[in-house]
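Asker: Fold the stuff below for me.
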Amino acid sequence: MNNKKLFFISLFLLLILISFDTFAKVYSFYYYHPNFDMIMHFLGGLFITSLAISILKSSKMDSSMNIFIMIFCVSILWEYVEFKIGKNIFINKGFWVDTFYDLLMDALGGIMAYICFHKIPILRNQKNLQK
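Answerer: You can find the predicted model right below:
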């Protein structure tokens, strides 16, 4: 998959995810289905990292270290935004546990994107060069 295609697909899916997240918060979806938040964080990590990979590839900065730094920074930033938007540490006693699982799922989604959109294409190119 080329970088432009990966960029636009990732951006489109990320916008859909953000729209659904907004809808879920407005209509208390996470209150009735609290574990769905983990799926959303996994998908968020996947889509944001794939978007970051496409941007880093186009700027020739797609080293593994840069990608992992991007996963880390975006995960922390996303949790900070979630905290500022609506979570109150004094109301929600399970905040730190929830934050840990959110960061874990962000990272797992990011690692999945790294494997699918960075590592596997590199291995394919190396295999094709050996033929």
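
Asker: rest of the way, CA atoms for contacts and neighbours
Answerer: Fine.

Asker: could you pull out the helices for this structure?
Answerer: Under the criterion DSSP state H, the chain carries helices at the ranges 3-26, 29-32, 36-58, 64-85, 95-114, 120-130.

Asker: So for the second one, what gets flagged as buried?
Answerer: Along helix 29-32, these residues count as buried under the neighbour rule (16 or more other Cα atoms under 10 Å): residue 29.

Asker: pLDDT weak spots in this structure?
Answerer: Scanning the chain for pLDDT under 70 picks out the ranges 86-93, 131.

Asker: Work out which residue lies at the spatial centre of it.
Answerer: residue 45 (1.3 Å; Cα atoms, centre = their mean).

Asker: right, and it touches residue 103 too?
Answerer: No: contact criterion Cα atoms under 8 Å: residue 45 and residue 103 do not qualify, at 9.1 Å.

Asker: quick one: common contacting residues for these two?
Answerer: Residues within reach of residue 45 and of residue 103 at once, by Cα atoms under 8 Å, 6 or more residues apart in numbering, are residue 75.

Asker: one step back: do you know how far the residue nearest to the centre of the chain is from residue 130?
Answerer: Counting by Cα to Cα, to the nearest Å, the gap from residue 45 to residue 130 is 33 Å.

Asker: same deal with residue 110?
Answerer: For residue 110, the distance to residue 130 equals 29 Å [Cα to Cα].

Asker: Give me the more crowded residue out of the two.
Answerer: residue 110 (30 against 7; other Cα atoms under 10 Å).

Asker: Could you tell me which residues make contact with residue 108?
Answerer: By Cα under 8 Å, 6+ apart, the neighbours of residue 108 are 42, 45-46.

Asker: got the contact list for stretch 36-47?
Answerer: 10-11, 13-14, 17, 21, 30, 71, 75, 101-103, 105-113.

Asker: buried subset of those?
Answerer: For these, a neighbour count by 16+ other Cα under 10 Å gives the buried set as 10-11, 13-14, 17, 21, 71, 75, 102-103, 105-113.
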